[in-house]
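Asks: I'll drop the sequence and a predicted model, then ask my questions.
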Amino acid sequence: MSLCSLPSGTQAKITKICGENEVIRRLNEMGFTPGTKIKIIRGEDLHGPVVVEVRDSRIVLGNDVALKIVLAEVE
């Protein structure tokens, strides 16, 4: 599932980042690496940005970038 498909409050683990090397590198620099747990602060809105908490930081991502992050839901 992608980052954009999860509702607010959901916790998930990054399984893969898709896209060009530059996008992958930039997301890795921000803390989005496979195996990292994240929390969706604001999601499920196809017309606005996605806000996530990763490694004790809140980060805002546009939908085009958020779609490149593949997740597995954490219980």
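Replies: Here it is on my side, so go on.
Asks: helix or strand with the lowest mean pLDDT in this structure?
Replies: helix 63-66 (a mean of 88; mean pLDDT, DSSP states H and E).
Asks: now that one, how far from the chain's geometric center?
Replies: Taking CA atoms, centre = their mean, to the nearest Å, one finds helix 63-66 lying 8 Å from the centre of the chain it belongs to.
Asks: buried sites along it?
Replies: Neighbour-count burial for helix 63-66 flags Asn63, Val65, Ala66 (criterion: 16 or more other CB atoms under 10 Å). For every residue, glycine as well, the C-beta is placed using N, CA and C.
Asks: ditto for stretch 34-50
Replies: In terms of neighbour count (16+ other CB under 10 Å), stretch 34-50 has its buried residues at Ile38, Lys39, Ile40, Gly43, Val50.
Asks: between the two ends of that stretch, how far is it?
Replies: Terminal residues of stretch 34-50 lie 19 Å apart, using CA to CA, to the nearest Å.
Asks: and it, how far out from the chain's middle?
Replies: Distance, centroid of stretch 34-50 to centroid of chain: 5 Å (CA atoms, centre = their mean).
Asks: what's in contact with that stretch?
Replies: 3-17, 32, 51-55, 58, 60-63, 66, 71, 74 (CB atoms under 8 Å, 6 or more residues apart in numbering).
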